[in-house]
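1. build me a model:
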Amino acid sequence: MAGERDVPPQDQGNIGVAPRSRTVPARVAWNAQPTVRGAIMTFIVLLILVVTGVVAYRYRVPLIARITGQKESRIRRALDQRKRN
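-> This next block holds a predicted model:
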């Protein structure tokens, strides 16, 4: 065919692309253990959720009062009334 170079059959799909080196890429250290990285991220997210839940429960009266615009004493009475019933 006119204008085509003589290319060995095994390299026809990679014309103009440098061959891959056999060395290990620099990013392998980060990608070496994806399950450990995922487990750490999962643990951190769960820890943040648990800490947020504990803080929200601990300060539930001021939080509910601020969100609803009611007085803290009224919220406290309502929560204590539910405990008694």
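2. and Gly53, what's its pLDDT?
-> With respect to pLDDT, Gly53 has a value of 97.
3. same question but for Lys83, I mixed them up
-> 74.
4. compute the number of surrounding residues for it.
-> By the criterion of other C-beta atoms under 10 Å, Lys83 has 6 neighbours. The C-beta positions use only the backbone N, C-alpha and C, and glycine is treated the same way.
5. any idea which element it lies in?
-> helix 72-84 (DSSP states H and E).
6. which residues sit against that helix?
-> 60-62, 64-65, 68 (C-beta atoms under 8 Å, 6 or more residues apart in numbering).
7. repeat that for 6 Å
-> When contacts are defined by C-beta atoms under 6 Å, 6 or more residues apart in numbering, helix 72-84 is touched by residues 61, 64-65.
8. how about it as CSV, C-alpha atoms only?
-> Extracted as CSV, the C-alpha positions of helix 72-84 are listed here (Å, rounded to 0.1, in the frame of the first residue of the first chain):
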residue,chain,number,x,y,z
GLU,A,72,-34.1,24.7,76.3
SER,A,73,-36.3,24.3,79.4
ARG,A,74,-39.3,23.4,77.2
ILE,A,75,-37.2,20.8,75.2
ARG,A,76,-35.8,19.4,78.5
ARG,A,77,-39.3,19.0,79.9
ALA,A,78,-40.6,17.3,76.8
LEU,A,79,-37.6,14.9,76.8
ASP,A,80,-38.0,14.2,80.5
GLN,A,81,-41.7,13.6,80.1
ARG,A,82,-41.0,10.9,77.6
LYS,A,83,-38.7,9.2,80.0
ARG,A,84,-41.3,9.0,82.7
